[in-house]
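>>> Compute the structure for the input listed below.
(2 chains)
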There are 2 protein chains.
Amino acid sequence: MSQVDNAAVSAHLSHVRIVMVNTTLPANIGSALRAMKTMGLSQLTLVAPKTYPHPDIDALAAGATDLIENIQIVETLEAAIKDCHLVFGTSARSRTIPWPLLDVRPAAVKALDAVVNHQQEIAIVFGREDRGLTNEELALANYHLTIPVNDLYGVLNVAQAIQVICYELRMSAIDIIGKETDSNANMHVTETEDMQWDEPLVTHEQMEQFYPHIEKMLAEIEFLDPRNPRLLPLRLRRLFGRIQLDRMEYHLLRGIFSRVQALNNGTWKKTEKIGQEKDHQ
Amino acid sequence: MSQVDNAAVSAHLSHVRIVMVNTTLPANIGSALRAMKTMGLSQLTLVAPKTYPHPDIDALAAGATDLIENIQIVETLEAAIKDCHLVFGTSARSRTIPWPLLDVRPAAVKALDAVVNHQQEIAIVFGREDRGLTNEELALANYHLTIPVNDLYGVLNVAQAIQVICYELRMSAIDIIGKETDSNANMHVTETEDMQWDEPLVTHEQMEQFYPHIEKMLAEIEFLDPRNPRLLPLRLRRLFGRIQLDRMEYHLLRGIFSRVQALNNGTWKKTEKIGQEKDHQ
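Numbering: from 1, shown residues only, chains lettered A, B, ... in the order given. Presented below is the predicted three-dimensional model:
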């Protein structure tokens, strides 16, 4: 897992505002703030909220005081988006007239590209809990944005939708920063499966000492017949080949092989007395 | 936006179960069901929930009656995952020792690949509201799964985390179905880094016999001190947990352990004569 530059992510995401239109439940505003803060967004605009302020907002957004203080309250959607370059209207499906429609993932990519490469301000607009955005409001958007869900069941509520969209915006911001860093450093770091290890993984060269060792040990304890090994060496290679041992694990396993060899050829003996004591403890 | 085959998506996602451990708030169970249903998941297992049933669950999961009826209640995490092949434990960050750690997106890709290409059962395990999963519970997982969030603020609550993960699982299912359709159309089957197994992979339940066996063997040859095992058992779990043994490999390794035990306690002796003959050949 790559190290994320939180400050850089938040700086990019400060150009993406969440706009909630005519929200009824304060809890949804609180949940939105929490989702935003967790993902690094900071700009919330409320268009004519039904109830504001309200203790539920502060309770659900505990720890996001800076975002609460930063909330913009306006009377119309036009006022909320007037200084924006790119506006996405969220919609369960395309309405009266067909509109450029993007799933949340490509929409998030487009939004971050607009911020980073074109210094634009972005708005993502969410409608009322019960009936979303009106056709007039949707017509103010450049794109309609939809989250692919199970149509047979129905739509996400506004808090869930904001959660998913903020997550995708963060992923896009991380992605675009990663690409910038890669091209700046002009070197390619491959990260296999995003694993984080305390120990470096062993090289192919080291594994080429590992396989002869395990085979020799198995031959010595007559588990493997060197004259007729069948598929056993291949199976061991397939097994340990896909594991990608780290250095600690590598030495651990080779230590076990050596112990078994020493046990087998008599150069290591069980500490009988201590063993006995143990048994009786 | 491509047309999505909801039935196919849901069929794949029926092999991915959400497991919630010791959940306190019924509202979180209701929100989880709603998030699951919206994204096409259907299998929820509750490990010793604090309060169940409860009207909040039904209220928040309105319309997801089929999922409510389908809930499995068990007493332990082991019981919840015993027939699973691949277990992800959600974690804000890696704990005592680093574990194979995947961000939610690559984890979702891996999960759906395992379902579709290897007929596996998957579990995604979520911990308590206040303190997540214990280190012991996390050690039962093949991978730890994390959602990249703004570290400066903190973590998602369990309902939000389930929302994001169910969304990513759905996106991966849609993606993999898209690829299947493409490749069928072109008669082109690509297998990226995946092996075709001749043998089925072992379940979590079988692995729970594997670890005690290797530990007992290592204790017998005094490689592991049962009174002070240090990190060795955990390292072995981490190592073999990410390997996903197939049945043949499983029996192969357990056969080796048994041979070492027999060698150590004298019930198996090297065939001296044949050994001598070998040496002189």
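>>> Need the three-state assignment for residue A:123.
Three-state assignment for residue A:123 (DSSP: H, G, I helix; E, B strand; the rest coil): strand.
>>> pLDDT score assigned to it?
Among the per-residue scores, residue A:123 holds a pLDDT of 96.
>>> again, but for residue A:5
Per-residue pLDDT puts residue A:5 at 88.
>>> cool, residue A:273 as well?
47.
>>> Can you name the residues that contact the residue nearest the centre of chain A?
Closest to where the C-alpha atoms of chain A average out (C-alpha atoms, centre = their mean) is residue A:171, at 6.5 Å. Counting by C-beta atoms under 8 Å, 6 or more residues apart in numbering or on different chains, residue A:171 touches A:108, B:105, B:148. Any C-beta I mention is one placed from the backbone N, CA and C, and that applies to glycine too.
>>> neighbour-wise, which of those leads?
The most neighbours of any of the contacts of residue A:171, using other C-beta atoms under 10 Å in any protein chain shown, belong to residue A:108, which has 27 neighbours.
>>> got a list of what the closest residue to residue A:35 other than its chain neighbours touches?
Of all residues not flanking residue A:35 in the chain, residue A:163 sits nearest, at 4.3 Å (C-beta to C-beta, 6 or more residues apart in numbering or on different chains). Listed by C-beta under 8 Å, 6+ apart, the contact set of residue A:163 reads A:31, A:35, B:160, B:163, B:164.
>>> and which of these is nearest residue B:114?
residue B:164 (19.8 Å; C-beta to C-beta).
>>> quick one: which of the contacts of residue A:171 sit in helices?
Within the contacts of residue A:171, residues falling in helices by DSSP state H are A:108, B:105.
>>> Would stretch A:105-118 count as contacting chain B?
Yes - using C-beta under 8 Å from any C-beta of the partner chain, stretch A:105-118 reaches chain B at residue A:105.
>>> buried set for that stretch?
A:105, A:107, A:108, A:109, A:110, A:111, A:112, A:114, A:115, A:116 (16 or more other C-beta atoms under 10 Å in any protein chain shown).
>>> Put the alpha carbons of that stretch into CSV.
Presented in CSV, the C-alpha positions along stretch A:105-118 are these (Å, rounded to 0.1, in the frame of the first residue of the first chain):
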residue,chain,number,x,y,z
ARG,A,105,-16.1,6.3,-11.0
PRO,A,106,-15.5,8.0,-14.4
ALA,A,107,-17.2,11.1,-13.0
ALA,A,108,-14.7,11.2,-10.1
VAL,A,109,-11.8,10.8,-12.6
LYS,A,110,-13.2,13.7,-14.7
ALA,A,111,-13.7,15.9,-11.7
LEU,A,112,-10.1,15.4,-10.4
ASP,A,113,-8.6,15.9,-13.9
ALA,A,114,-10.5,19.2,-14.1
VAL,A,115,-9.2,20.3,-10.7
VAL,A,116,-5.6,19.3,-11.2
ASN,A,117,-5.0,19.9,-14.9
HIS,A,118,-7.4,22.8,-15.5
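>>> Look up how far chain B lies from residue A:76.
According to C-beta to the nearest C-beta, to the nearest Å, residue A:76 and chain B sit 29 Å apart.
>>> Kindly report the same for residue A:208.
With C-beta to the nearest C-beta as the criterion, residue A:208 and chain B are 19 Å apart.
>>> What is the neighbour count of that residue?
Neighbour tally, residue A:208, other C-beta under 10 Å: 9.
>>> Kindly report the same for residue A:261.
So residue A:261, with other C-beta under 10 Å, has 16 neighbours.
>>> Tell me who's in contact with it.
Here residue A:261 is in contact with A:216, A:217, A:220 (criterion: C-beta under 8 Å, 6+ apart).
>>> Across the sheet, point out what pairs with residue A:45.
Applying DSSP bridges to residue A:45 yields these beta-bridge partners: residue A:19, residue A:72.
>>> Could you list the low-pLDDT ranges of the stretch 51-200 of chain A?
By pLDDT under 70, the low-scoring segments of the stretch 51-200 of chain A are A:93-98, A:182-198.
>>> what residues does it put near chain B?
So far as C-beta under 8 Å from any C-beta goes, the stretch 51-200 of chain A lies against chain B at A:63-64, A:101-103, A:105, A:146-157, A:160, A:163-164, A:167, A:170-171, A:174, A:193-198.
>>> For ChimeraX, what selects the buried ones among those residues?
One line in ChimeraX is enough to select the buried ones among these; burial here means 16+ other C-beta under 10 Å:
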select /A:64,102,103,105,146,147,148,149,150,153,155,156,157,160,163,164,167,170,171,174,195,196
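>>> Quickly find the element holding the residue nearest to residue A:35.
Assigned by DSSP states H and E, residue A:163 belongs to helix A:158-185.
>>> what does residue A:83 give?
Applying DSSP H and E, one finds residue A:83 in no helix or strand.
>>> one step back: now the helix holding residue A:163, how far from the centre of its chain.
Mean-position distance between helix A:158-185 and its chain equals 9 Å (C-alpha atoms, centre = their mean, to the nearest Å).
>>> And for stretch A:136-153?
Put simply, stretch A:136-153 sits 24 Å off its chain's centre (C-alpha atoms, centre = their mean).
>>> How far does that stretch stretch from one end to the other?
26 Å (C-alpha to C-alpha, to the nearest Å).
>>> Same question for stretch A:31-47.
Stretch A:31-47 has an end-to-end distance of 17 Å (C-alpha to C-alpha).
>>> And stretch A:92-99, by the same measure?
One end of stretch A:92-99 to the other measures 13 Å (C-alpha to C-alpha).
>>> What is the burial count for residue A:37?
Neighbour tally, residue A:37, other C-beta under 10 Å: 26.
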